[in-house]
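Chemist: Have a look at this prediction, sequence included:
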Amino acid sequence: MRKVHCYKDHVKTANRLLQISFVLAVFSVVTAWVFHVRSGNIWSDFYNDHWLLRKLAFLSPWVAAVLALVVFILNWKKGWQFVLAFMAIFVSGVSFFVSANLLNSIYRCIGPETAAVSSLRTYNDAMQEFAKAHPQQGFPSALQDMAVDQDEPWKIHSPLSDGQKFYYRFIYLPRSTHADGKLDAYQILADPDPAHNHGYIPHYHFFMDESGTLRISRNGPATAQSEPL
């Protein structure tokens, strides 16, 4: 009787692990699909704001596969648990392939553009701090002026100081609106860089001036008249 009871407990545990495995596999695909639907453009913050959920969607198939593999090993050629465990491993592999491809497609669609927007905001913060620290000069005359060794609030690092990062090149145009030599305005153009496209060419162009307003264009370089982001 004791052996029968232990066997029933073993079967019950195996079934429970397989149920968890299947649930995790389904959770991964459903979550990845939600990200695919909700994060289809760069105006959406869903992809970046829900990073933990995104990690869970990526890791769930691995956990599912491990649980199924444990059941598979413990039930080697022992009835339906063996067959179900094999099926769970297969489903876990398929769910990982599907979810990984869905998440990767989102990243390829919005990753470079999102990085460009983040870089422009970094530029703007550094420009404002530089202008505060240099009231006579105003904004820097070149991006390299902010690539200093000291730990300054307006310091930027390479490759931003070189005007190129992650599929995009950045053109910095400072100017003086009062003809007094003080650089009190600037424009930064962010355009896809053909020399660093890594097999993918982003679709959007960006523009930013000293106001910090970001503008976007799909049909050629963005300007001060382009749609605000």
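Modeler: Happy to help now that I have it. Numbering: from 1, shown residues only.
Chemist: Please make it C-alpha for all contacts and neighbour counts, starting now.
Modeler: Fine.
Chemist: What are the boundaries of the strands in the chain?
Modeler: Using DSSP state E, the strands found in the chain span residues 164-165, 168-175, 185-192, 205-209, 214-217, 227-228.
Chemist: okay, now the domains of the chain?
Modeler: Taking automatic domain parsing as the reference, the chain has its domains at 2-110, 112-228.
Chemist: Redo the strands of the chain as JSON lines? Include mean pLDDT.
Modeler: As requested, the strands of the chain are arranged in JSON lines below (pLDDT from 0 to 100):
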{"stretch": "strand 164-165", "mean pLDDT": "83"}
{"stretch": "strand 168-175", "mean pLDDT": "93"}
{"stretch": "strand 185-192", "mean pLDDT": "93"}
{"stretch": "strand 205-209", "mean pLDDT": "94"}
{"stretch": "strand 214-217", "mean pLDDT": "91"}
{"stretch": "strand 227-228", "mean pLDDT": "88"}
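Chemist: Quick one: closest of the ones you listed to residue 124.
Modeler: Put simply, out of those the one that sits nearest residue 124 is strand 205-209, at 8.2 Å, with distance taken as CA to CA.
Chemist: packing partners for that closest one?
Modeler: Counting contacts by 3 or more CA pairs under 8 Å, 6 or more residues apart in numbering; DSSP states H and E, strand 205-209 packs against strand 185-192, strand 214-217.
Chemist: in its sheet, what does the longest one sit against?
Modeler: Here strand 185-192 has these sheet partners by DSSP bridges: strand 168-175 (antiparallel), strand 205-209 (antiparallel).
Chemist: now do the shortest one
Modeler: Strand pairing for strand 214-217, using DSSP bridges, gives strand 205-209 (antiparallel), strand 227-228 (antiparallel).
Chemist: what's in contact with the last one?
Modeler: The reference is to strand 227-228. Contact partners of strand 227-228, identified using CA atoms under 8 Å, 6 or more residues apart in numbering, comprise 213, 214, 215, 216, 217.
Chemist: helices and strands of this structure: which one has the lowest mean pLDDT?
Modeler: Comparing helices and strands within the chain by mean pLDDT, DSSP states H and E singles out helix 46-49 as the least confident, with a mean of 56.
Chemist: who's in contact with residue 223?
Modeler: Shown in contact with residue 223 (CA under 8 Å, 6+ apart): 206, 207, 215.
Chemist: now residue 24
Modeler: With contact taken as CA under 8 Å, 6+ apart, residue 24 is in contact with 60, 61, 63, 64.
Chemist: I am finished for the moment; much appreciated.
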